[in-house]
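>>> I'd like to go over a predicted model; first the sequence, then the structure.
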Amino acid sequence: MSYEGYIRVLCNNGHLTEWDYYEYYNSEEPNTCHCGAKFVWRNDVDQTNCEEEKYIIKLEVDKFNRDKKICTYKIPDKIKER
Ligand SMILES: [Zn+2]
């Protein structure tokens with residue numbers, strides 16, 4: 001069975017975006033946030049064995065923008081080793 005999963009990324013401004021694994025890695029465009037910033041943190045979520053929960057890294061909300069209904073997250077210091 002082939003790998004299935006998705007990538008959670010945070011840009012430098014703390015926006016969370018989720019990408020399909022293949023879309024993320026096969027993209028010819030540079031992967032950037034809708035705000036234009038580069039992604040500085042990545043969390044690979046492996047769904048191959050239906051165990052995605054254990055790969056999801058909990059994020060801490062930094063700010064919530066009530067007008068735009070967008071929250072930004074604190075960027076974790078380290079990418080979790082596995
Ligand atoms: Zn952004």
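Received the coordinates, thanks.
>>> Could you work out the end-to-end span of stretch 57-65 for me?
The first and final residues of stretch 57-65 sit 22 Å from each other (C-alpha to C-alpha, to the nearest Å).
>>> What of stretch 12-21?
End to end - C-alpha to C-alpha - stretch 12-21 spans 20 Å.
>>> Equivalent analysis for stretch 41-50, please.
Stretch 41-50 end-to-end distance (C-alpha to C-alpha) = 23 Å.
>>> And the helix-or-strand element of the chain with minimal mean pLDDT, what does it pack against?
Across the helices and strands of the chain, the lowest-confidence element by mean pLDDT, DSSP states H and E is helix 21-26, at a mean of 90. Applying 3 or more C-beta pairs under 8 Å, 6 or more residues apart in numbering; DSSP states H and E, we find helix 21-26 packed against strand 5-11. To be clear about C-beta, it is placed using only N, CA and C from the backbone, and glycine gets the same treatment.
>>> Report whether whatever helix or strand comes next after the least confident helix or strand of the chain contacts the ion.
Later in the chain than helix 21-26, the nearest helix or strand by DSSP states H and E is strand 39-46. No. Strand 39-46 lies out of reach of the ion by C-beta under 5 Å from the ion, never closer than 8.4 Å.
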